[in-house]
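Participant: got a sequence here, can you build the structure:
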Amino acid sequence: MSSASLSLSRDDRPILIAALFILVILVAGTVYTFARFGSAPLLSPTYLLQQLQIGAFLGIVAAGMMMVILIAQIDLSVPWTLAAAAMMATSIGGPLAIPVGLGVGLLVGLVNGIGVAYLRVPSMIFTLGVNAVMRGLMVAHTGGYAPQTGATDLMRMLAGDRTLGIPNALFVWIAVSVLVTIVLQRTTLGRYVYAIGNKEAAAYLAGVDTRRITVVCFVLCGLAAALAGVLLAGYSTKAYQGMGDAYLLPSIAAVVIGGTNILGGRGRYLGTLIGVVLIVLLNSVLSIMDMPEAGRQVIYGLVIIFMLLVYGRGERVTS
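Facilitator: Sure thing, here's the model as predicted:
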């Protein structure tokens, strides 16, 4: 068997496993809801679109997270980058709301990139510190209370309204997905990202400006978190403290479940997309079952561990 076919098999295996697991979740959830309620809302197009609308926010965050994981880094500042973007956007209001929110994400991503690429601080430590700084700044900005300002009409339209029956947030997610796919598969930046993730030293010796690419990836991650924050504020009609906390671990899990190597260098965006759908549907089914929060967290964690174990076993077999 050729090395090309082996590589294709390694990339496709986790995607196929995740897709099969989505089918299992849909079947199990449908059987349960039909037995308990006499109906199957999971198969309703309206219900599925609603779940995808909610999943769009996680999908956008995961798209940015994938960029930094591909270069063997991590961004733990996502929660308060998201929250800060939402808070600043709602505070400013008017036509500058969205640009200001995205500007927050760009600035945080730039700081993260410089700290990791030029100061050579491990990304896990540096971004965690930045997350704490952003949290402190937002608490100082709001006095520790929920902001009293609301989302603008444009923010509410992009996140909450529908066009031809399809949530606008889903269109934004699709646009981000297309952009990320093009960047990774059709541009020089994408080739450099995979090269750095495989072996940064080798990429540097080959003439790649590894520090600049690292900064770009962190900026893209910050922009994605900020965009998700602006949309989430529009969906909720306001920003609130800690609104990004629920998106850090799921975004990382979606990327890894989809087959992206946590050590960088390999992964397809299709896998991340499927990972997001899996997590959203799993949470939805557990909510329908009235599962207590403690039980939901246990099941959620076990599913992630199971997927990673299956993927890891496949890696050893291939090797």
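Participant: who's in contact with residue 258?
Facilitator: Applying CB atoms under 8 Å, 6 or more residues apart in numbering to residue 258 gives the contacts 14, 15, 18, 267, 268, 270, 271, 272, 273, 274, 275, 276. The C-beta positions use only the backbone N, C-alpha and C, and glycine is treated the same way.
Participant: ignore the last one, residue 109
Facilitator: 81, 218, 219, 220, 221, 222, 223.
Participant: what pLDDT does it get?
Facilitator: Residue 109 is assigned a predicted lDDT (pLDDT) of 97.
Participant: quickly note the distance from it to residue 94.
Facilitator: Counting by CB to CB, to the nearest Å, the gap from residue 109 to residue 94 is 24 Å.
Participant: what does residue 37 give?
Facilitator: On the measure of CB to CB, residue 37 and residue 94 end up 45 Å apart.
Participant: how about residue 41?
Facilitator: 39 Å.
Participant: between those two, which is the more surrounded one?
Facilitator: More crowded of residue 41 and residue 94, by other CB atoms under 10 Å: residue 41, with 16 against 9.
Participant: who are the contact partners of that one?
Facilitator: Residue 41 sits in contact with 33, 47, 288, where contact means CB under 8 Å, 6+ apart.
Participant: what would those look like in TSV with secondary structure and pLDDT?
Facilitator: Below are the contacts of residue 41 laid out as TSV (DSSP: H, G, I helix; E, B strand; the rest coil; pLDDT from 0 to 100):
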residue	secondary structure	pLDDT
33	helix	83
47	helix	86
288	helix	82
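Participant: tell me the contacts of residue 144?
Facilitator: By CB under 8 Å, 6+ apart, the contact list for residue 144 reads residue 241.
Participant: what pLDDT is listed against the residue nearest in space to the middle of the chain?
Facilitator: With distances taken as CA atoms, centre = their mean, residue 62 lies nearest the centre of the chain, 1.5 Å away. On the pLDDT scale, residue 62 is placed at 96.
Participant: so what does residue 166 have for phi and psi?
Facilitator: With angles defined as degrees, to the nearest 10, residue 166 sits at phi -110, psi 130.
Participant: how close does the nearest residue to it once chain neighbours are set aside sit to residue 41?
Facilitator: Excluding its sequence neighbours, the residue lying closest to residue 166 (CB to CB, 6 or more residues apart in numbering) is residue 49, at 6.7 Å. The gap separating residue 49 from residue 41 is 12 Å, by CB to CB.
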